[in-house]
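Undergrad: Could you look at this predicted model? Sequence included:
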2 protein chains.
Amino acid sequence: MAYRKTERVEARLADNRKRILDAARRLVSEGGWSEAQISHVASAAGIATGSVYRYFPSKADLCVEVLSVVSQREVDVLEAIANNAEAAYQTLHVAVSAFVERAMRNRRLAYALIAEPCDREIEEARLVYRHAISKQIMRIVKDGQASGDFRADLDPSIAATVIVGGFMESLIGPLSPLNTDFDRSGSEGPEAVHALAGQIAEVCCAAVAVYPDKIASLDTHQRRHA
Amino acid sequence: MAYRKTERVEARLADNRKRILDAARRLVSEGGWSEAQISHVASAAGIATGSVYRYFPSKADLCVEVLSVVSQREVDVLEAIANNAEAAYQTLHVAVSAFVERAMRNRRLAYALIAEPCDREIEEARLVYRHAISKQIMRIVKDGQASGDFRADLDPSIAATVIVGGFMESLIGPLSPLNTDFDRSGSEGPEAVHALAGQIAEVCCAAVAVYPDKIASLDTHQRRHA
DNA sequence: AAAAGAACTGAACTATGGTTCACTCGCTGA
DNA sequence: TCAGCGAGTGAACCATAGTTCAGTTCTTTT
């Protein structure tokens, strides 16, 4: 008598939800938030506009979930790096350069998640993940302070915030669709990206390192050639 | 025969324009960009909605001008600090802490200009001024590198970007109307703001300084008490 | 004072895009 | 097979806010 969802239907519903999320993410990573209109997302997912609302209560919820999924992966990556704590300097260097290189691999998406104008609810979610990222960086900073690799006199929370802001800002230029400087310079290759990431990481590390000389112990490949 | 604007009228028109700009700035500094609706601005300026379009071709132009006026003043302040170059470390410290303290004096406005969601045209203007700020910081960094106060092996452009991003990010938390952490902590007084500015500046300086010890030469008041 | 030109007015227009809902379709269970 | 229920549909609805413009008021000039 009672209608009971069969496994098959359950699977189809789950698949629909996933298709909506994937479509939204794809659209955002192609053209930013403005492409993530419900009607676009729906047709990209192969369903009708109204059906989206069977899976997500509002556009904001959908967008926030897109952001969350992608951002959480980055937080996880940083957490893994922070856990695998060897020398703090190297750990911080790897964390920053990994983040930069990963962002550069999907620039449009990274730009949307990091810097693109968006509405309040997305902005709030963005802040949450920025904070989570900052927390991982702070862990590395604290470890380094404990081991004596990093200056103990700096407030680790502020240091972490400055570092996060620093590499985020450094990304905005290269990521921004508005900015043509980076594209013009032809520094598109993975080689150039790697070099850029290394330089950014170096400055970030310097902000907390006890002695700049520490740098000498880094793989030369990761360093800016003088 | 031909109609000729008398001085009196000319003055009134100029005054109207100024009143519109002032009203817009006041509204933005009270409630952010969303308050800067043409109808609001018009009534705040004591004129009709349509009249605004006698002075500004579009809302975007008006908003960009509001942003420009305020941002340019900050750039000018930084330029003056950068010009008055004594020891690079102190110069950079003063530049960063001055920026932070000035922003904290009008938080809502600073938040709108620095971080609040806004439309493309405002965002573009924002990038222009961020770049101008970065340029001034870069001058200080280069001077410091030349004098040997700052590490010569860092790319000054990247270092400046990281520094600017660093203190901007550090501001977002305290400035954000979304964030209640800062308000809760009761750290509202000028004393607390000064301390915060000093800490942020210290981390930024550390990013480029040759030796952290340099800090010892700073006025103790500007430093975080251990 | 009166014609002419400019400024002012604000209600109406418009564009955008999220959200709804009356309806149809397709599963489920008997 | 068929009654009943949830899923799917997409055109219509609505809310917001920027922009326009025909009519009105104020200034200038003769």
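TA: Cool, the structure landed.

Undergrad: drop to CA atoms for contacts and neighbour counts, all remaining ones
TA: Will do.

Undergrad: pLDDT-wise, which helix or strand of chain A ranks last?
TA: Across the helices and strands of chain A, mean confidence by mean pLDDT, DSSP states H and E is lowest for helix A:181-184: a mean of 49.

Undergrad: after that helix comes which helix or strand?
TA: helix A:190-206 (DSSP states H and E).

Undergrad: hmm, that next one in reach of chain B?
TA: Yes: applying Cα under 8 Å from any Cα of the partner chain, one finds helix A:190-206 touching chain B at A:199-200, A:202-206.

Undergrad: burial of A:Gly46, as a residue count?
TA: By other Cα atoms under 10 Å in any protein chain shown, the residues close to A:Gly46 number 13.

Undergrad: show me the biggest helix of chain A in terms of residues.
TA: The longest helix of chain A (DSSP state H) is helix A:120-147.

Undergrad: that older thread, and the residues of helix A:190-206 next to chain B, which is closest to chain B?
TA: Nearest to chain B out of the residues of helix A:190-206 next to chain B is A:Ala206 (Cα to the nearest Cα; 4.6 Å).

Undergrad: give me the number of residues near that closest one?
TA: 31.

Undergrad: and the closest residue to it other than its chain neighbours, what is it in contact with?
TA: Nearest-residue entry for A:Ala206: B:Ala207, 4.6 Å, with adjacent residues in sequence omitted and distances by Cα to Cα, 6 or more residues apart in numbering or on different chains. By Cα atoms under 8 Å, 6 or more residues apart in numbering or on different chains, the residues touching B:Ala207 are A:203-208, B:159, B:163.

Undergrad: Could you tell me the phi and psi values at A:Asp119?
TA: phi -90, psi 170 (degrees, to the nearest 10).

Undergrad: Can you spell out which helices and strands pack onto the host helix or strand of A:Ala80?
TA: A:Ala80 belongs to helix A:59-83 when elements are defined using DSSP H and E. Under the contact criterion of 3 or more Cα pairs under 8 Å, 6 or more residues apart in numbering or on different chains; DSSP states H and E, helix A:59-83 touches helix A:7-31, helix A:88-105, helix A:120-147.

Undergrad: could you redo the last one with a cut-off of 6 Å?
TA: Applying 3 or more Cα pairs under 6 Å, 6 or more residues apart in numbering or on different chains; DSSP states H and E, we find helix A:59-83 packed against helix A:120-147.

Undergrad: hang on, the earlier thing: distance to A:Val69 for the contacts of B:Ala207 - can I get that in TSV?
TA: Shown next, in TSV, are those (distance: Cα to Cα, whole Å):
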residue	distance to A:Val69
A:Val203	29
A:Cys204	26
A:Cys205	28
A:Ala206	31
A:Ala207	30
A:Val208	31
B:Ala159	31
B:Ile163	29
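
Undergrad: Mind putting the residues you listed into a markdown table with distance to DNA strand D and pLDDT?
TA: Below are the contacts of B:Ala207 laid out as a markdown table (distance: Cα to the nearest atom of the strand, whole Å; pLDDT from 0 to 100):
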| residue | distance to DNA strand D | pLDDT |
| --- | --- | --- |
| A:Val203 | 40 | 96 |
| A:Cys204 | 39 | 97 |
| A:Cys205 | 43 | 96 |
| A:Ala206 | 43 | 95 |
| A:Ala207 | 41 | 95 |
| A:Val208 | 43 | 96 |
| B:Ala159 | 37 | 98 |
| B:Ile163 | 33 | 98 |
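
Undergrad: Which members of those residues define the maximum pairwise distance?
TA: Taking Cα to Cα as the measure, the contacts of B:Ala207 span a maximum distance of 13.8 Å, between A:Val208 and B:Ala159.

Undergrad: which of the residues of helix A:190-206 next to chain B has the most neighbours?
TA: Greatest neighbour count in these, by other Cα under 10 Å, goes to A:Cys204: 33 neighbours.

Undergrad: Now for the nearest residue to that residue once chain neighbours are set aside, how many residues are close by?
TA: Excluding the flanking residues, the one nearest A:Cys204 by Cα to Cα, 6+ apart is A:Ile163, at 5.5 Å. A:Ile163 has 36 neighbours, counted by other Cα under 10 Å.

Undergrad: A:Ile163 sits in which helix or strand?
TA: Here A:Ile163 is assigned to helix A:156-175, by DSSP H and E.

Undergrad: Give me the packing partners of that helix, helices and strands only.
TA: Partner elements for helix A:156-175 (3+ Cα pairs under 6 Å, 6+ apart): helix A:120-147, helix B:156-175.

Undergrad: Between those, which one is closest to DNA strand C.
TA: Between DNA strand C and the helices and strands packed on helix A:156-175, the tightest spacing by Cα to the nearest atom of the strand is seen for helix A:120-147, at 10.9 Å.

Undergrad: and chain A, which of its residues are near DNA strand C?
TA: A:1-9, A:34, A:36-39, A:49-51, A:53, A:57-60 (Cα under 7 Å from any atom of the strand).

Undergrad: which of those residues are buried?
TA: A:36, A:38, A:49 (16 or more other Cα atoms under 10 Å in any protein chain shown).

Undergrad: Keep only those of the residues you listed that are in strands.
TA: Taking DSSP state E, every one of those sits outside strands.

Undergrad: which of those lies closest to DNA strand D?
TA: Nearest member of those to DNA strand D, counting by Cα to the nearest atom of the strand, is A:Thr49, at 4.3 Å.

Undergrad: where's that closest one relative to B:Arg25, distance?
TA: 40 Å (Cα to Cα, to the nearest Å).

Undergrad: give the contact list for A:Arg126.
TA: Not one residue lies near A:Arg126 by Cα atoms under 6 Å, 6 or more residues apart in numbering or on different chains.

Undergrad: that older thread, in terms of neighbours, single out the busier of A:Val208 and B:Ala159.
TA: Counted by other Cα under 10 Å, A:Val208 and B:Ala159 do not tie: A:Val208 has more neighbours, with 30 against 27.

Undergrad: Before I go, just wanted to say thanks for your time.
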